[in-house]
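*Asks:* Let me see the structure of the following:
(chains A, B and C)
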Amino acid sequence: MTFTDWIGEPVNWVFTAIGLVVLFAGLRVVTAKNVVHSALYLVGALGGTAGLFVLLSAEFVAWVLVLVYIGAVIVLFLFGIMITRAPTGLDEGLDAEKKVWPVALSVAVFVAMAWSSIESFEPTVLLGTGEATSTELVGESLLGRFVIPFEVVSFVLLAALVGGITIARRDLTPVEEEERAAV
Amino acid sequence: MSFFVDTAGIMLVTPLMAFLAILAVGKRMKHKGGEIAVAALAVNLVWATVLFVMNMTEGVLDQTTFEIARIGSGLVFELGWVVDGLSIMMFFLVNLVGLLVFIYALGYMHGDVRVPWFFAAFSLFAGSMLILVGAPNLVQLIIGWEGVGLASYFLIGFYWDDLDNVKAGNKAFLTNKVGDVGLVLGAIILGVTIGTFDFASLAEAATEHAEALGAVAVVGGLLLFFGAMGKSAQFPLHIWLPDAMAGPTPVSALMHAATMVTAGIYLMARVFPLFENLAEEVRPLMVAIGAITLFAIGLLALVANDIKKVLAYSTVSQLGYMMTAVAAGGYTAGLFHLFTHAFFKALLFLGAGAVIHAVHSNDLSDMGGLRKHMPTTYWTFLVGSLALAGIFPFSGFWSKDEILATLGTEGYTAVMWIAIAGAFVTAFYMTRCVALTFFGTFKGHGTPHEAPRVMTGPLIGLAIPSILFGAANIPGVDWPGIGNFTDWLGVRVVAMGDHHAEGIDYALAGIGLGAALAGIAIGWLIYGKDRSTQEGRDSFEVPGLFPLLRRKYYVDDVALGLVGATSGPVARFVDWTNTYILDGIVNAVGGATKFLGGIVYNGVDQIGVDGIFNGLSAAADGAGSVLRRLQTGRVQQYASGFVGGVLILVVLFVFVI
Amino acid sequence: MIVHQFLILAAALFAMGVYGLLVRRNIVLILLSVELMLNAVNINLIAFESMLATPQAIGQVFAIFVITVAAAEVGIGLAIVLMIFRNRRSANVDDLNLMRW
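*Replies:* Residues are numbered from 1 along each chain as shown, chains lettered A, B, ... in the order given. As a prediction, this is how the structure comes out:
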């Protein structure tokens, strides 16, 4: 399909809009001078991603993204930022001085990925306004074919829960240790 | 009976086997190895006696040799043994006197510190002497000659804790060596000229007046005589014999009275055909030297205070008699005196040893009146002295008379009168010796006692031949069936002609006897009376002569001076050579090595080898400094590497493969 | 819509995430960049699912798993950051260079 054809479809205008938002947000995540701003820009990027998912008829995943990622993970990040006493204002020393290699590497990564993507796949037309994938289907798949990964992932979550608590536990003061021993 | 003739070589070997056996097991035995030595000589005596009797009755002539080496197609070196009249006489003499002296030594050396070594060295001596007298050629004779010299050195210096004894041994050995130069040179000249060292061949060549031999005969004979001078203590090489008295008395008795010193006379007798036919020019010289020895050295016994020294000078004097006799042409006379002298001189030495053993001193001033304390010793000593003085009918009378007769008949009248004077002197000093030792009162310490039977036995054993053996050669007497001494000695490859007087020259015998009796009488007059001290008894003095005698004619001093004068510069030269030349070479080699070492160290090692290793370590160090930057501990650098690696792999897998 | 547009978008997001990973000094911001990268991967997965239309919605299920694991990882990661901050009094990644030569 040619570019003019592509522009003609309204789906693609939506896509372009959301895409630009996502890209901008992503860029600001890695270049913001303010730590909190970075986290909030990530929220934007994630939101845009959810929109893209909807375009791709993956509504369930979009909602999961919003709930879990934005709702929990980002909040967690904000807590982490606050606890580590990062300066909440402008912080000049946020980036490393020498940016040559990171830039070069990231550009190289982008080029490699983009090129290989374009090379490897036919420009398959994706139907944007088709039936959304039913949640029932996803659920059946999750607890059907992929029940073992599902259980494993739940273990992972458990492990993360326990591990997180253990790692971050405050050392007992000598007084508290005595009390503990007396009991 | 030819068994004994064929196996006569066993006599040469048994003492040497005894030598080794004593060294091995001697000190564990009851008599410290003496038994082995006595046994060896006893076995030998059996052979010697049988051969002697065989020679008396029928004459034995045989030679057995084994070829050892050969130079080209010419000179042959052989070892073996010869049995003829001369060697059988010597075998008998050496073994009989040797056995008696060995038995005496069992008693004399009892309790001494190094008895096994004594008997070992003594056996070595006996073996070497037998090798010498049984030698069929000059080479073996020289082997035996050196062997007895070596044993003599060992035994003279037996009591080596006293340095004087060691010096005496050295003096004996070195003086002998001076003579040995002549012996070896003479042997080489004669041997090379006639193509063989064999005595029989030499004798034949001499009697046939071979041309080649005639040219070198005088030189060769002179050199051989020079060797004999050393071994038989002729003037001026006599200086070692008195000092050799430092050894134990049995040694003096056997070696320096009866056997070793007679080797020179024996040699002269062995090569007698040479002197008789071709080398007659040497004989007057030999006679002269013998005469000087006979008389001058005999005088030295007049002033000797050590009893053994008296006997030593006496021995030298008697050797002079023998040499004069043989040189004058008295083959039988000289050898007969050798034969009788062996017995009575050994007897006198053993007697002196008994006296020394009893009195614990060699000095005449510690003796006196021992006649009462040691009767057996006294009587045997007296017999020996009378034999030595030449009193009828003892053996010495007959042998001395034979010599006087020979000198007279051969025309050496002057020498004959010297010999008669010598007989007077001999009797005089022996009377002095006997008087001071056995008569008067005892002037020493303690109580002397008679020697044990093991020592007096040999004394008696030697006294009997001293009395009887004179009968072997009474002029004009031919014992039925066995002939006389002349016949026995005459059995040789080249038969030694009759050198024996037909009848007794009564006049000459009377004069000789008279001289001896006069000596005894005058001696008794002077020394017989007892005084309070021995020095008092010994106070007879001939002004001018006696002081010279006490300095031994300054001969010893001259010899010492010569040796010192020659060896000093030689030693200095050798030292110079050693320090500058030899050490110089060694130092130069050391310096060169050091220099090379420096090169190797500085160049090869420091720069080369160390360079390699330093370079390697510098490389490792540099590589480390560079590679260290990979591990900064900074997470983001690790992450960059990670991403870069993934990128490469992606590119690789997607685009290349 | 063609699949490539999503793929390129995702590639760009991923590259940005890589850049942020390598540049940022604050550990929390590094984790944030990692989240960005995971998000880009999710977009890819959903795009592929839409392209392939598997009967069990494999891509979407996978995306759900990624999200879940990312959440777990963030939990642990922040716990670690907390410990680091308690010990070193600083959230600067340059200060965490103890394991070096």
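*Asks:* is the helix or strand where residue C:34 lies anywhere near chain A?
*Replies:* Using DSSP states H and E, residue C:34 falls within helix C:27-52. Yes. Applying CB under 8 Å from any CB of the partner chain, one finds helix C:27-52 touching chain A at C:27-29, C:31-33, C:35-36, C:39, C:42-43, C:46-47, C:49-51. In short, each C-beta sits where N, CA and C put it, glycine included.
*Asks:* Quick check: chain neighbours aside, which residue is closest to residue 6?
*Replies:* Using chain A here. residue A:12 (5.6 Å; CB to CB, 6 or more residues apart in numbering or on different chains).
*Asks:* wrong one, chain C
*Replies:* Counting by CB to CB, 6+ apart, residue C:47 is the residue found nearest to residue C:6 once chain neighbours are left out, at 3.7 Å.
*Asks:* Tell me which residue of chain B lies closest to chain A.
*Replies:* In chain B, the residue that lies nearest chain A is residue B:654 (4.2 Å; CB to the nearest CB).
*Asks:* Contacts for the one helix or strand residue B:299 maps to next, please.
*Replies:* Taking DSSP H and E as the definition, one finds residue B:299 inside helix B:298-300. With contact meaning CB atoms under 8 Å, 6 or more residues apart in numbering or on different chains, helix B:298-300 is reached by B:242, B:313-314, B:316-317, B:320, B:422, B:425-426, B:429, B:545, B:549, B:552.
*Asks:* three-state assignment of the residue nearest to residue B:550 when sequence neighbours are not counted?
*Replies:* Distances taken as CB to CB, 6+ apart place residue B:303 nearest to residue B:550, at 5.2 Å, with adjacent residues excluded. The assignment at residue B:303 comes out as coil when based on DSSP: H, G, I helix; E, B strand; the rest coil.
*Asks:* next one: phi and psi at residue 96?
*Replies:* With no chain named, the answer covers chain A. phi -70, psi 150 (degrees, to the nearest 10).
*Asks:* nope, chain C
*Replies:* According to degrees, to the nearest 10, residue C:96 has phi -100, psi 40.
*Asks:* The helix or strand hosting residue B:216 - contacts with which helices or strands?
*Replies:* Residue B:216 belongs to helix B:211-231 when elements are defined using DSSP H and E. Where contact means 3 or more CB pairs under 8 Å, 6 or more residues apart in numbering or on different chains; DSSP states H and E, helix B:211-231 is packed against helix B:138-156, helix B:163-194, helix B:199-207, helix B:263-270, helix B:272-277, helix B:282-292.
*Asks:* which secondary structure elements does the second one contact?
*Replies:* Helices and strands touching helix B:163-194, by 3+ CB pairs under 8 Å, 6+ apart, are helix B:138-156, helix B:199-207, helix B:211-231, helix B:240-243.
*Asks:* Kindly report the same for the shortest one.
*Replies:* Counting contacts by 3+ CB pairs under 8 Å, 6+ apart, helix B:272-277 is packed against helix B:199-207, helix B:211-231, helix B:282-292.
*Asks:* average pLDDT across the host helix or strand of residue A:40?
*Replies:* Using DSSP H and E, residue A:40 sits in helix A:35-55. Averaging pLDDT along helix A:35-55 gives 93.
*Asks:* do it and chain C meet?
*Replies:* Yes. If you take CB under 8 Å from any CB as the test, helix A:35-55 does meet chain C, through A:35, A:38-39, A:42, A:45-46, A:49, A:52-53, A:55.
*Asks:* farthest pair in the residues you listed?
*Replies:* The most widely separated members of the residues of helix A:35-55 next to chain C, counting by CB to CB, are A:35 and A:55 (31.1 Å).
*Asks:* Those two - which one has more neighbours?
*Replies:* Per other CB atoms under 10 Å in any protein chain shown, whichever of residue A:35 and residue A:55 has more neighbours is residue A:35, with 27 against 23.
*Asks:* could you measure the more buried one against residue C:85, distance?
*Replies:* For residue A:35, the distance to residue C:85 (CB to CB, to the nearest Å) stands at 14 Å.
*Asks:* can you check residue A:80 too?
*Replies:* From residue A:80 to residue C:85 the distance is 9 Å (CB to CB).
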